[in-house]
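*Asks:* Test case, fold it:
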Amino acid sequence: MYSNILVLMIFMLKVGPIPTNDSVGKEVISQITANMVTDKTFYTNSNGRDFLKRVRDYRADWNLSVNQPVAGNYYPLNLGIYTKDKKSELSVLVDRATGGASIKDGQVELMLHRRLLEDDGRGVGEALDEMVCVGGKCEGLTVRGNYYLSINELGAGARWRRTTGQEIYSPILLAFTNEKIETWKASHLTKATVMDSNYSLPPNVALITLQELDNGSVLLRLAHLYEEGEDADYSKLAKVELKKMFTGKSIKELKEMSLSTNQEKSEMKKMKWKIEGDNGQTHSPIKGGLVDSSVLVVELGPMEIRTFLLKF
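*Replies:* Here you go, the predicted structure:
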């Protein structure tokens, strides 16, 4: 899957406390520079899923007067940032929310830590000078985190970003108990699966939620990981076979729900918006069709999340 990676690196960071003995606030950043012609363009992620195109010193909706060439080009990151040229893609994923930008072509910049002694006038109403006190001693915060960097051939970066992003945000969680191992094994099932041993979810699909509810039904959420046109192979309609996903169980009822599970999808009323300049030829996104109760195959279009209530 990663055969088109040219460079792969992981940075483990520890920054702080930021000194303020000189009475000057500071912003600590990390700059990653590559010999790339990126034409002022980069892409940032702000919701853990979609990557949005950004153009330095430009806004599509209005004529921008550039008064803040640095701050005006910073964007929030939840998953990462990337830039590309005609040959390569430079991607950086983060393990916590931060800010990022591309102030110069071929360069990715991320905010590691900030400590300000005066209000920056951005609405907080106080200086960004958080302290931690232990044993009567107070000092500025220390920030820790990881950056995951990859340089891929053009067109291959999305596959790395999506797969590695899932590993970062949905890691295996360790759990511990104070019981004796013999007692615990005697009262618990230590190895089991409900999925057919010869079946696995498609590589462009993630299991977001699998939860048994108080009424005995099971809440299931499935998500397509790729945007339309993002990858040649994985930005297509994906299919999940529920019979193989829950082998050995009989699904007697399936209801598709809204994302928040507070109403059935069939009862939802979709508002129609008038779009300025729309001539009626607006592109319709690829969406999965209704689930046939006899075959129980769920279709997912790019970036689509579908929510179901199951009864076995």
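
*Asks:* contacts for stretch 212-222?
*Replies:* Stretch 212-222 is contacted from outside by 205-211, 240, 259, 261, 298, 300, 305-312, using Cβ atoms under 8 Å, 6 or more residues apart in numbering. Backbone N, C-alpha and C define where each C-beta goes, glycine included.

*Asks:* at 10 Å what do you get?
*Replies:* Residues from elsewhere that reach stretch 212-222, judged by Cβ atoms under 10 Å, 6 or more residues apart in numbering: 201-202, 205-211, 238, 240, 242, 245-246, 249, 251, 253-257, 259, 261, 288, 298-300, 304-312.

*Asks:* Just the buried ones from those residues, in ChimeraX syntax?
*Replies:* The following ChimeraX line selects those of the contacts of stretch 212-222 that are buried, judged by 16 or more other Cβ atoms under 10 Å:
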select :202,205,206,238,240,242,245,246,251,254,256,257,261,288,298,299,300,304,306,307,308,309,310
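
*Asks:* Can you tell me which of the contacts of stretch 212-222 end up in strands?
*Replies:* 205-211, 238, 240, 253-257, 298-300, 305-311 (DSSP state E).

*Asks:* thinking P76 is in contact with N47, fair?
*Replies:* Yes - counting by Cβ atoms under 10 Å, N47 is a contact partner of P76 at 9.3 Å.

*Asks:* Which element, helix or strand, includes V132?
*Replies:* strand 131-134 (DSSP states H and E).

*Asks:* Partner strands of that strand and their direction?
*Replies:* Sheet pairing here is set by DSSP bridges, and for strand 131-134 it gives strand 137-140 (antiparallel).

*Asks:* Residues in contact with the strand it pairs with: which ones?
*Replies:* Contacts of strand 137-140 (Cβ under 10 Å, 6+ apart): 16-20, 26, 113, 115, 129-133.

*Asks:* Most widely separated two among the residues you listed?
*Replies:* Farthest-apart pair in these is K26 and C133; separation 20.8 Å (Cβ to Cβ).

*Asks:* Looking at these two, which is more packed in?
*Replies:* Counting neighbours by other Cβ atoms under 10 Å for K26 and for C133 shows that K26 has the greater number, 14 against 8.

*Asks:* any idea how far the closest residue to the more buried one other than its chain neighbours is from L117?
*Replies:* Excluding its sequence neighbours, the residue lying closest to K26 (Cβ to Cβ, 6 or more residues apart in numbering) is I18, at 5.2 Å. Distance from I18 to L117, counting by Cβ to Cβ, to the nearest Å: 10 Å.

*Asks:* do L13 as well
*Replies:* 23 Å.

*Asks:* Between the two, which is the more surrounded one?
*Replies:* Neighbour count, other Cβ under 10 Å: between L13 and L117, L13 has more, with 16 against 12.

*Asks:* Go through the helix or strand hosting the more buried one and flag the buried ones.
*Replies:* For L13, the host element (DSSP H and E) is strand 5-15. For strand 5-15, a neighbour-count test (16+ other Cβ under 10 Å) marks L13 as buried.
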